[in-house]
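# Here is the input, now give the coordinates:
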Amino acid sequence: MVCEISIQLDRTPLDVAKYPVGIDSQVQVLKRILNLQSKDKVLMVGLWGKGGVGKTTLAKAIFNVVFREFQGSSFLERVRENSNDLVRLQEKLLSEVLLGEKLAIYNVAGGSRLIQDRLCNKKVLIILDDVDNMRQLDALARCCEWFGKGSRIIFTTRNSYLLTSHDVDWNHMYEVKALENGEALELFRKHAFQGNKKIEISSNLVDRVVHYAKGLPLALEVLGSSLYKRGEKEWKSMLQKLADSPCKYINDVLKVSFDGLEDGEKEIFLDIACFFKGQSTKHITKVLEKCGFAGVIIGVKSLIEHSLISEEEGTLQMHDLIQLMGMNIVKEECPNNPGKRSRLWLWDDFLHILSGNAVRLVNV
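Below is the predicted model of the structure:
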């Protein structure tokens, strides 16, 4: 008994977020999905959604709520970034679950076998954060049989198809969505003002920044922190800058999903971002097929699965910041000469080069 208490005290919760707005209600939903009352089954659960929407934050929050109900636990953060060394990730997983026990792993296949051998009779909680390919899942959590009864394995990813391919049941998949207006405003104000009452900013400026972020927690946090202790002139200047080009940090995070696409999927995404957002799926598919794209239907499906677009009431929609990311990719093809870019959607740019250059025209 003393040993068990000592082990539990050695396990510490994770730092979740400076201002965990909107997290508690989602944690309650996740607890129901995890079904902790079921002691015999091993469940694999997936959290998916666009970049910057708060998947990692939510995963940390649920980890803190339930990890003491398991014999061992591990939270592997940023798996995608560290997947060039899967052996080290396997070692870290085992070390965390087994509370510091050091095991020598010489290759991925040996590490997979060791995870199975050491954890197959142990009730564990394992969270693999930001996974993006099957190789990572095969090396770290290939199947339920690797873990003891009552274990819970949670994945966070931008790609819902990765979860489906790993046989995660649809009713064990949870889409993390952008914040509603009230929570978005609350999160932004906490970062932008942090209780500071000396600087007064008009509600119109606050609303404009919150509207720009469209509920994306990453954008609300980054923009709010960058405007902390700044006056109205600087707020207006920031909005003017954002109207011309996206915030680099936010843009880079969102662009990770684009970088993971096949070449043909990238072209389809850029056309939707520049020309087709909000139009009917059937119309977009027909136009792109006429433009010579092969596999448009599966390409659009892949974009949905990568959380870059969504299909709503027969139309293809896209978060405004993801659309800006796509447009910025095209602008960066040739920043100073629109005529050398692959796509034109601004009327002024079109008129400027119409007389002298040939461009690809898309009848929308």
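# Give me the below-cutoff pLDDT ranges for the stretch 151-300 of the chain.
Counting by pLDDT under 70, the stretch 151-300 of the chain contains no low-confidence residues.
# can we see that at 80?
Applying pLDDT under 80 to the stretch 151-300 of the chain picks out residues 195-199.
# ok, which stretches of it are helices?
If you assign secondary structure with DSSP state H, counting those that start in this stretch, the helices in the stretch 151-300 of the chain sit at 160-165, 181-193, 203-213, 217-226, 232-244, 248-259, 263-271, 281-290, 296-305.
# Which among those helices is found nearest to residue 313?
Nearest to residue 313 among the helices of the stretch 151-300 of the chain is helix 281-290 (9.8 Å), distances taken as CB to CB. (Each C-beta comes from the backbone N, C-alpha and C, glycine too.)
# Pick out the residue nearest the middle of the chain.
Here the mean C-alpha position of the chain is nearest to the C-alpha of residue 51 (CA atoms, centre = their mean), at a distance of 2.9 Å.
# Quick check, pLDDT for that residue.
Predicted confidence (pLDDT) at residue 51: the value is 97.
# State whether it is indeed within a strand.
No. The assignment for residue 51 is coil, going by DSSP: H, G, I helix; E, B strand; the rest coil, so no strand is present there.
# circling back to that earlier point, would you tell me which one of the helices of the stretch 151-300 of the chain is buried the most?
Burial of these is given as mean neighbour count (mean count of other CB atoms under 10 Å); helix 217-226 ranks first at a mean of 22.
# contact partners of that one?
Counting by CB atoms under 8 Å, 6 or more residues apart in numbering, helix 217-226 makes contact with 18-19, 21-22, 51-54, 57, 178-179, 184, 187-192, 209-210, 212-213, 238, 247, 249-250, 253, 321, all of which sit outside it.
# Relative to the whole chain's centre, how far out is it?
In this view, helix 217-226 has its centroid 16 Å away from the chain centroid, taken as CA atoms, centre = their mean, to the nearest Å.
# Also stretch 13-23?
The chain centroid and the centroid of stretch 13-23 are separated by 16 Å, computed with CA atoms, centre = their mean.
# Go through it and flag the buried ones.
If you call a residue buried by 16 or more other CB atoms under 10 Å, then stretch 13-23 has these buried ones: 16, 17, 19, 20, 21, 22, 23.
# Report the two of the residues you listed separated the most.
The span of the buried residues of stretch 13-23, defined through CB to CB, is set by 16 and 22 at 12.0 Å.
# okay, now the domains of this protein?
Annotated domains of the chain cover 2-175, 181-244, 252-354 [automatic domain parsing].
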